[in-house]
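Asks: One predicted model, sequence on top.
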Amino acid sequence: MKLYDIAVARSGDKGSAANIGVIARNPANYDKLLRHMTAERVEAFFKPVGVGKVIRYELPNLAALNFILPDILQGGGSVNLRIDAQGKALGQALLEMEIESKDEG
Amino acid sequence: MTLRIANASAFWGDDPTAAARLAERAADLDVITLDYLAEVSMSILAKQRERDPTAGYARDFVGVVKSLLPFWQAVRRLKVVSNAGGLDPMACALACRQVAPRLTIGVVTGDEVKPLLDRKDLITANAYIGAEPVAEAIRRGADLVITGRVADPSLTVGPAMAHFGWQPTDYDRLAGATVAGHLIECGTQVTGGISTDWLLLPGLDDIGFPIVEIAADGSCVVTKPPGTGGRVNALTVKEQLLYELGDPANYLSPDATVSFLTLAVDDLGHDRVRVSGATGRPPPATYKVSGTYRAGYRASGMLTVFGRDAAAKARRCGEIVREKLLRLNAEPDEYLVEVLGAGAVAPCHAPLARGTGEVVLRITVADQNRETVETFTRQLMPLISAGPQGITGYAEGRPVVREVFGYWPTTIERSKVRPHVQILEAT
């Protein structure tokens, strides 16, 4: 199962960091997000792009998580040379992450 | 009674017909806000002003004001609030007055802080001031409020403060209105634009610009004009709540420090979503400042490569151009090759694109020296006849050299910044 199946996402820039909001399509799946979407897993997922230590904030009231990806937009949106200098597409990338379902009951 | 505030521009370059279309389809609007300033917009305005000293503001806004005149005549109470003033709100106001002499215009200045900072190479430096001067302009009778750098949500908070008579210490209410402002400041991003399920939404050619109906307690209902495309539901609203968010317990605005952890989002159906429960604390003792500085030159060019081994051929083309620049003693400070279609946007994703036979080669060069970047612009297109078979898509011609502005965020003590309101009476 992909994250896409149980969540929506949106990403944007915060200086040289980007953030990705991940929201459970059905709030009942928030626990699943909490379990699978750890800061470590997200950091490993974006390692090839170059990312600092990922921070995860929890918003149980919205059944959502907010990930901060430091340094992924080196120099920030106006100086970064990459086509996605503002990190707009990172949410779509993360939604392709595999969510393991073996420990589901 | 709720206060109905819409947004008709998310950034400089958004649909210039949106404001009139909103006014036409939502006749009971109280306020239209328009945002023109992104992080480095001020540097673009500075460059524009170097060529023409009267051009330090977003000139497109004058056309928007003109397009709204019939509605102003019909609904006298309509207020328009915009940061289109950029570096020169007064020049913007005077230009608006030319097309709308019967409006009372409030001009908010005092955000410029460049002289107060130690860094000397800045082109622009502006503090994100808050809602209070916007509210003051409205209390003093302005139909149209033109500001320079004001925090985006404060364009919404200001009219709500004036309407409900909130005090600067009504932090929970200000927090609620700040959330409402955050939700609409990016225009159609809350009504279905860039949402995960975008492709499934109706009416994508005419996504409605957003409206927040703000209540006296600061809570709001997010909606859009009837008959427009897109969607307002719990997910589109939550996506935008989290857009460009840092610590959700401490969303910093000049009006309040807002916690998003107490928010409740209730989908009322029919493109109406209630957002309530925001809690606020005093704002930081400093204003956020965005400074810009010259950061050299850049050019970026693209060519399409089609056929067998397209990605490998595109990568080889990227190496060739670099080798030629080295031979010409024009090695740039930064040289980036991206093969779009083969995982360039998010390299963690490359396996998806394996086997593709169609990619776009994008080469971007940056250097402090304009000459070096210009040399690059002459060395990309020769690939059209010297590169691989299947290289195409060159109708745009040589890449164009652009000046780059860096973004330098800092802070400044609030007491050093003096927001100022001036009223231009209707003539």
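Replies: Structure's in. What do you need? Values in this document were obtained by computation on a predicted structure and should not be read as measured data.
Asks: got the buried residues for whichever strand or helix holds residue B:173?
Replies: Here residue B:173 sits within helix B:171-184, counting by DSSP states H and E. For helix B:171-184, the neighbour count (16 or more other Cβ atoms under 10 Å in any protein chain shown) marks B:171-184 as buried. Placement of C-beta: from N, CA and C, glycine included.
Asks: same check, this time on stretch B:315-333
Replies: For stretch B:315-333, burial by neighbour count (16+ other Cβ under 10 Å) applies to B:315, B:317-318, B:320-322, B:324-325, B:330, B:332.
Asks: ditto for stretch A:62-77
Replies: A:62-70, A:72-73, A:75-77.
Asks: Could you grab the helix/strand/coil label for residue 48?
Replies: If you meant another chain, say so; for now it's chain A. Here residue A:48 is recorded as helix under DSSP: H, G, I helix; E, B strand; the rest coil.
Asks: Residue B:359 pairs with what?
Replies: Residue B:359 has these beta-bridge partners by DSSP bridges: residue B:305.
Asks: Go ahead and confirm it touches residue B:310.
Replies: Yes. When contacts are counted by Cβ atoms under 8 Å, residue B:359 is listed as touching residue B:310 (4.9 Å).
Asks: any shared contact partners between these two?
Replies: The overlap between the contact sets of residue B:359 and residue B:310 (Cβ atoms under 8 Å, 6 or more residues apart in numbering or on different chains) consists of residue B:341.
Asks: restrict the buried residues of stretch A:62-77 to those near chain B?
Replies: The overlap between those and the neighbours of chain B (Cβ under 8 Å from any Cβ of the partner chain) comes to A:62, A:64, A:66, A:68, A:75-77.
Asks: and the closest residue to chain A within the stretch 201-350 of chain B, what is it in contact with?
Replies: As assessed by Cβ to the nearest Cβ, chain A sits closest to residue B:242 within the stretch 201-350 of chain B, at 2.5 Å. Residue B:242 makes contact with A:10, A:19, A:21, A:23, A:59, A:62, A:64, A:66, B:248, according to Cβ under 8 Å, 6+ apart.
Asks: What's the mean pLDDT across the host helix or strand of the second one?
Replies: Think residue A:19. Taking DSSP H and E as the criterion, residue A:19 maps to strand A:17-24. In this model, strand A:17-24 has a mean pLDDT of 97.
Asks: chain center to that strand, what's the gap?
Replies: Relative to its chain's centre, strand A:17-24 lies at 5 Å (Cα atoms, centre = their mean, to the nearest Å).
Asks: Also stretch B:193-204?
Replies: How far stretch B:193-204 lies from its chain's middle: 20 Å, per Cα atoms, centre = their mean.
Asks: any residue of it up close to chain A?
Replies: Yes. Contact of stretch B:193-204 with chain A is found when judged by Cβ under 8 Å from any Cβ, involving B:194-197.
Asks: Can you say which two of the residues you listed are spatially most distant?
Replies: Farthest pair in the residues of stretch B:193-204 next to chain A (Cβ to Cβ) is B:194 and B:197. Separation: 10.7 Å.
Asks: more neighbours, the two?
Replies: residue B:194 (19 against 15; other Cβ atoms under 10 Å in any protein chain shown).
Asks: ok, now which ones touch the residue in chain A that chain B sits nearest to?
Replies: Minimum separation of chain A from chain B (Cβ to the nearest Cβ) falls at residue A:21, amounting to 2.5 Å. Shown in contact with residue A:21 (Cβ under 8 Å, 6+ apart): A:9-11, A:64-67, A:91, B:238-239, B:241-243, B:245.
Asks: Can you tell me how far the most centrally placed residue in chain A is from residue A:66?
Replies: Nearest to the mean C-alpha position of chain A, by Cα atoms, centre = their mean, lies residue A:20 at 4.4 Å. From residue A:20 across to residue A:66, the span is 8 Å (Cβ to Cβ, to the nearest Å).
Asks: and what of residue B:167?
Replies: Residue B:167 is 31 Å from residue A:66, by Cβ to Cβ.
Asks: Quick check: of the buried residues of stretch B:315-333, which lies closest to residue B:49?
Replies: residue B:332 (28.7 Å).
Asks: For the closest one, what are phi and psi?
Replies: Dihedral angles of residue B:332 (phi, psi; degrees, to the nearest 10) stand at phi -80, psi 160.
Asks: which regions of the chain sit below the pLDDT cut-off?
Replies: In the absence of a named chain, chain A is used. The model of chain A has pLDDT under 70 over residues A:101-105.
Asks: Chain B, not that one
Replies: For chain B, applying pLDDT under 70 flags the ranges B:347-356.
Asks: run the last query once more with 50
Replies: By pLDDT under 50, the low-scoring segments of chain B are B:352-353.
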